[in-house]
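Visitor: Quick one, what's the 3D model for this:
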Amino acid sequence: MEAFLDPLLPLFERERAAGRALALGVLVRTAGSTYRKPGALMVIAANGEYAGLLSGGCLEGDLRAHAQAVITSGTARPVRYDLRGEDDLLWGLGIGCEGEMQILLLRAGPDNAWQPLGHLADALARRAATAVGIVVDSPSAELPRGTLALPAPARAAHPALAAPAVQAALAQAAADGHTRWVEADAGALQLFVLPLSLPPRVLLLGAGPDAAPVADFAARLHWKVTLADHRAAYAVGAHFPTAERVVRATPQQLPQALDLAQFSAAVIMSHHLVSDLAYLRVLARTPVRYIGLLGPVARRDRLLAQLTEEERGALRPRLRAPVGLPLGGRAPESVALAIVAQVLAFLHERGKDSYSS
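Guide: Numbers count the residues shown, from 1 in each chain. As a prediction, this is how the structure comes out:
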């Protein structure tokens, strides 16, 4: 889930609207301990402004100089940083990360329709899974470094990139969200396949004041948050400026008001016992993979006792109750941080334990 495009879009859209080319940095290989992993992206404008991070800010200044050359020449350029041992001291950075990074910089501008950024941005707007291929090494002058493979029916830059094996790798990466390599000519031709990471959608059931910091923390992670509440005083869009949507609906109306299958996680936090029970019953019939319930264990047990055995069985592997990691603190912001941290861990397949009955 490294190739998040959202943080790059404001700068990219600004430069595209102005007709100015920029450089796209793609982290293609790492070894040892590194800040980011393969698939991470950044964009660098001709004036040196950049969006996205490939390191903790230590290498971006040096990358800007390389990006200027790429923007001017149009020729893709690999940049390698070895921060292990004495090599780190040679760079004069003294970072001590003990890792190696290989980054490929390529030009995106009006001459190539700002690809692959244009394709990725369009797919993100449609929430369509996709992947692109980028030639990292090639023995052929007809297939230089930086040549792109886009999914069919887009026209391939070279017939070799329209081959079934390449298109199959793009489709598989789009489906599973994992980067991969495609090799040909005994490994001389190397194509890095980069999937687009679609930001997760999170549903907050209850739009009280304590839901605001949850929505704000989620927005910092570029998640798409929807809030639902049956109370007119709470279901107010102006209270949640970072949310994608605020819906006024009863729990029973949710399946008609929203496509619940699109959400990766739902958090029940209405502070209303009858509503929370109804939310649990609705969510038991959905494929939402993470369901959080705010409140102490005694409250959880009281709610679960009112469900059918079938409903409890459907919820059991997905329910986190009490919701949130045990970070400490009782302020709304502390609770919100604990909730968002647990959802983040779940999305990255960490901390899968559900409630204990």
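
Visitor: Could you list the low-confidence segments of the stretch 101-250 of the chain?
Guide: For the stretch 101-250 of the chain, the stretches with pLDDT under 70 are 155-156.

Visitor: contacting residues for the nearest residue to Ile339 once chain neighbours are set aside?
Guide: Nearest residue to Ile339 in three dimensions, chain neighbours excluded: Gly324, at 4.5 Å (Cβ to Cβ, 6 or more residues apart in numbering). For the C-beta atoms, the positions are set from N, CA and C on the backbone; glycine is no exception. By Cβ atoms under 8 Å, 6 or more residues apart in numbering, the contact set of Gly324 is Gly292, Val335, Ala338, Ile339, Ala341, Gln342.

Visitor: mind putting those residues in TSV, distance to Thr75, pLDDT and neighbour count included?
Guide: Putting the contacts of Gly324 into TSV (distance: Cβ to Cβ, whole Å; pLDDT from 0 to 100; neighbours: other Cβ atoms under 10 Å) gives the following:
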residue	distance to Thr75	pLDDT	neighbour count
Gly292	49	98	24
Val335	51	97	20
Ala338	48	98	20
Ile339	47	98	29
Ala341	43	97	15
Gln342	46	97	22
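
Visitor: Mind picking the one among the residues you listed that's closest to Val225?
Guide: Nearest to Val225 among the contacts of Gly324: Ile339, at 11.8 Å, using Cβ to Cβ.

Visitor: Which one of the contacts of Gly324 is nearest to Val26?
Guide: Taking Cβ to Cβ as the measure, Val26 sits nearest to Ala341 out of those, at 28.5 Å.

Visitor: so which strand or helix has that closest one?
Guide: In this structure, Ala341 sits in helix 332-347 according to DSSP states H and E.

Visitor: what are the ranges of the strands in the stretch 251-357 of the chain?
Guide: Secondary structure of the stretch 251-357 of the chain (DSSP state E, counting those that start in this stretch): strands at 265-268, 290-293, 319-320.

Visitor: Make CSV from the ones you listed and add distance to His348 to it.
Guide: Converted to CSV, those look like this (distance: least, Cβ to Cβ, whole Å):
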stretch, distance to His348
strand 265-268, 12
strand 290-293, 12
strand 319-320, 15
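
Visitor: Packed most tightly, which of those would that be?
Guide: strand 265-268 (a mean of 28; mean count of other Cβ atoms under 10 Å).

Visitor: From the contact counts, what lies against it?
Guide: When contacts are defined as 3 or more Cβ pairs under 8 Å, 6 or more residues apart in numbering; DSSP states H and E, strand 265-268 sits against strand 201-205, helix 273-284, strand 290-293, helix 332-347.

Visitor: which residues does Val247 bridge with?
Guide: Here Val247 sits in beta bridges with Ala228, going by DSSP bridges.

Visitor: Give the full set of residues in contact with it.
Guide: Thr226, Leu227, Ala228, Asp229, Ala235, Ala257, Leu258 are the contacts of Val247 under Cβ under 8 Å, 6+ apart.

Visitor: For these, which single residue is the most surrounded?
Guide: Within the contacts of Val247, most neighbours by other Cβ atoms under 10 Å means Leu227, with 29 neighbours.

Visitor: on that earlier part again, could you give the angle of the helix holding Ala341 to strand 201-205?
Guide: Here helix 332-347 points in a direction 140 degrees away from that of strand 201-205 (axes from the mean of the first three to the mean of the last three Cα atoms, to 10 degrees).

Visitor: what packs against helix 332-347?
Guide: helix 211-220, strand 265-268, strand 290-293.

Visitor: show me where the protein has helices.
Guide: For the chain, the helices defined by DSSP state H occupy 9-17, 60-73, 86-91, 117-125, 164-176, 211-220, 254-257, 273-284, 297-304, 309-315, 332-347.

Visitor: Let me see the residues that make contact with the longest one.
Guide: Counting by Cβ under 8 Å, 6+ apart, helix 332-347 makes contact with 1, 200, 202, 209-210, 212-214, 216-218, 221, 264-265, 267, 289-290, 292, 294, 320, 323-329, 351-352, all of which sit outside it.

Visitor: what's the domain layout of the chain?
Guide: What automatic domain parsing lists as the domains of the chain is 6-195, 201-347.

Visitor: circling back: which member of the contacts of Val247 is positioned nearest Leu54?
Guide: Taking Cβ to Cβ as the measure, Leu54 sits nearest to Thr226 out of the contacts of Val247, at 31.3 Å.

Visitor: show me the contacts for that closest one.
Guide: Arg201, Val202, Leu203, Leu204, Ala243, Glu244, Arg245, Val246, Val247, Leu258, Phe263.
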